[in-house]
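Novice: sequence-free structure coming up:
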């Protein structure tokens, strides 16, 4: 019992009160809340949900793998795992018996069990194991197509019994298997009740096969064209997709190693049976003839026999007696009987052949495996459920007899298991009253006086014995049996028809059987002519299905056993086989007759619970004790609720630890101690233990989480520490290697002409990428020193400025005064300014008021303003501001522009001295520099402003272009540069909304070796 949300009681054994009402209440409560599985000890009760449920995915498989039944909510996976675990760990054969009436979900349960076994095996991924798993899974599609049909109670009813043995190797992986089939309902081939269908394969072939195959088989899409498949008038079923199922069957046949020829033979036989149902007989001068020769040609071609021999076999038969051979013509009734018998026999042989082919695909072929693992297997029994139809015939009689045998086996094995356990554990056994259906089994199978014996005797008698005479013989021999009656024996029972019905009181209820057809179906006779005909088929696959056809006409053969006796013998073998295995049970319940996922028909379910003996099963299982468990498992589960046993008990055996817990909580009066197990009498005691465990679980979980997290953190810390040590060592190694490589490359850099500039630096390792930037910087400093060491230090500041100018203007401007000495404050020199003393005095006064430290640059300029006027001014650049001074008195004209307010500089690409100093506020400074010696001062001014701006704010934007843009008075204007012969010095003039900067002729541009005037 894991700590999960529970509805009702997950195990009926734990009910406070064991009776039918409480059982039903718990079952209904769980069904309505979506819980379709409930335990009775180790028996799983499954209620058909009639809907898809998301409880069979891989997560659920993982949840139940290698777990005990009580650790998780009830589930069919737990039963499959328990069976697989016993087989794998104890090397004992096990079986899973799935029982219940038609429509209760037995077939789906068997597929779910197969899916679970496939999921939990072959963890090593061996291809042969995977192949066997696929064959086991995909055989279901083929067997369902040819062995299942729609009935009025179930859209996918198994019309045959199936027992599959799955062989496993020592690791618990499937290595092969074998399928046994029981009593295919072959009468369905020729007749279906209203609302029912023939076997699925007929409709899959008509609806899903390609047109080319239908044409080869001379078939059409409509089932109404074929007598054998249209009688039930229910060809289309909402829950069945025949088209998709045909594709699945085709793929499965290929996976099961059916050859292309075998698949072709299979569908030809199915097609031939449909055509055979359309064969009609007429009489011509008292002779039976078949008027439709074209139809006979089609059937003969499909079965690969001659039309003449097929017609003869259908219209007459050969009789051999005392060495003489004679032909006897059929009557029309005999011909129809022969046709139907042939159709049933062909389909039965085809189904047997399919099962044999599947068995050959999954057989354990290796002799070593066969010897070593012959006892390591799981048997899965999926057999027809108890059936009560409006018209119950020989098939229902056999099916219900089968269910009686399985019910008897269930009772015997459960009682046997309980008795053995109590004896083994030294616990006193308490007898439980329950219905033993052995009396019903004897009614059917008892020698000489059972129904099958009476039926065989009637079939063996010489002369005309009818079904009515058979019923009279049964009445005579079985009168007085409390589970058998007929209208002749009980005239007051109006449910029975006179001389045609008899009733058996089965464990599941009363069933009325219709006697007509019992003898023919029991004889299951087929004229030898048909066997010889099909044996001579040119199709080798069809011929193999009829080996007895090889006998000569005159050869005397032993009378074959009847169908009833064969089925009785097969049931005896099956029961004997199951008795030698460790059994596990799935008891399937049908909740309603309308296939509704929400309807719970209380009376219908109550009837099934009663006849399955589930309440008695609870009583037997409980036998005075609601719970039993091995001491080691009990102590492992409940040791946390006692300080003396937690975290581990060291003061004795597991039995002593268990007794310590029960004594501590004063439960000693409600338990018994066996040799290896503890037995708890009341469910309340178990629930009290569970509650204590759940309360304690939060603490235990916290301790486990704390310990685990601590362990994980310590392990992670150790791994990280080791990783960092490795990383550090490797990083040091890579750095040393890189430095050694650099040392080798730059060893001769000092002797090189460019001092190592041409040496390519190797790609650095990741840890050294930032360091390499510093190394490159150091190298550049060293290289600069090596170059500059020949130059006097007093010239380094000017050199730095020129380098700055070159980096900005090189290859972008014709010249920028690189070849001359840069003076900076030109107006302080007599050569540039005759009034230099007045200038120096004015600058000193300005320094005192504006508090700048030094003058960086000064020059006479021609300025152009927002009023389109030119004026001669002095441009003074200091370490703080840019000033405009009067040309004569050198007085400050306006507040200076702070260097931080400068947004950029624009100059042309030519030799002119035009400069636009862009300022914040939309009023740029547009000037043309003057020089008495015609020197270019542009490079010097740009370098000074650029370096100073970098110290204050960052990189200054410098724009070099033929056409310059400026902003005067907040308006964007364009400055075009032109050369004019009419002027002697550079000046500005307005040109509409734009500005023209005029240059004298000495600023002409040389092109192609010729001097001429050209617009910029």
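Specialist: Received the coordinates, thanks. Small disclaimer: the values here were computed from a predicted structure and weren't measured.
Novice: Only C-alpha atoms from now on, for both contacts and neighbour counts.
Specialist: Will do.
Novice: Which residue, neighbours along the chain excluded, lies closest to residue 208?
Specialist: Once flanking residues are discounted, residue 208 sits nearest to residue 243: 3.7 Å by CA to CA, 6 or more residues apart in numbering.
Novice: backbone phi and psi for residue 187, please?
Specialist: Backbone torsions of residue 187, given as degrees, to the nearest 10, read phi -60, psi -20.
Novice: Nearest spatial neighbour of it, chain-adjacent residues omitted?
Specialist: In space, residue 187 is closest to residue 344, 6.5 Å off (CA to CA, 6+ apart).
Novice: sorry, back to before: could you pull up the mean pLDDT of the helix or strand harbouring the residue nearest to residue 208?
Specialist: Assessed by DSSP states H and E, residue 243 sits inside helix 242-255. The average pLDDT within helix 242-255 is 92.
Novice: other SSEs contacting the following helix or strand past it?
Specialist: Next along the chain after helix 242-255, taking DSSP H and E as the criterion, comes helix 260-276. The contact analysis (3 or more CA pairs under 8 Å, 6 or more residues apart in numbering; DSSP states H and E) places helix 260-276 against helix 200-208, helix 227-230, helix 293-303, helix 332-362, helix 540-544.
Novice: now do 10 Å
Specialist: helix 200-208, helix 211-216, helix 227-230, helix 242-255, helix 293-303, helix 332-362, helix 540-544 (3 or more CA pairs under 10 Å, 6 or more residues apart in numbering; DSSP states H and E).
Novice: Quick one: closest of the ones you listed to residue 910.
Specialist: helix 242-255 (84.9 Å; CA to CA).
Novice: Would you confirm that the residue nearest to residue 187 contacts residue 185?
Specialist: Yes - counting by CA atoms under 10 Å, residue 344 touches residue 185, with 9.2 Å between them.
Novice: Quick check, residue 949 in contact with residue 878.
Specialist: No - look at residue 949 against residue 878 with CA under 10 Å: they stay out of range, at 11.5 Å.
Novice: who touches both of these two?
Specialist: Common contacts of residue 949 and residue 878 (CA atoms under 10 Å, 6 or more residues apart in numbering): residue 899.
Novice: hang on, the earlier thing: any chance of the helices and strands packed on helix 260-276 in a markdown table, plus mean neighbour count?
Specialist: Below are these laid out as a markdown table (neighbours: other CA atoms under 10 Å):
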| stretch | mean neighbour count |
| --- | --- |
| helix 200-208 | 22 |
| helix 211-216 | 13 |
| helix 227-230 | 22 |
| helix 242-255 | 18 |
| helix 293-303 | 19 |
| helix 332-362 | 20 |
| helix 540-544 | 19 |
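Novice: so what's residue 805 closest to, chain neighbours aside?
Specialist: That would be residue 943: by CA to CA, 6+ apart, it lies 4.9 Å from residue 805.
Novice: ugh, wrong one, residue 510
Specialist: Nearest one to residue 510, counting by CA to CA, 6+ apart, is residue 504 at 5.8 Å.
Novice: Model confidence at the one you found, what's the number?
Specialist: pLDDT, residue 504: 93.
Novice: So what pairs up with it in the strands?
Specialist: Assessed by DSSP bridges, residue 504 has beta-bridge partners residue 484, residue 511.
Novice: Check the burial of residue 753 by counting its neighbours.
Specialist: Applying other CA atoms under 10 Å, we find 9 residues neighbouring residue 753.
Novice: Many thanks, have a good one.
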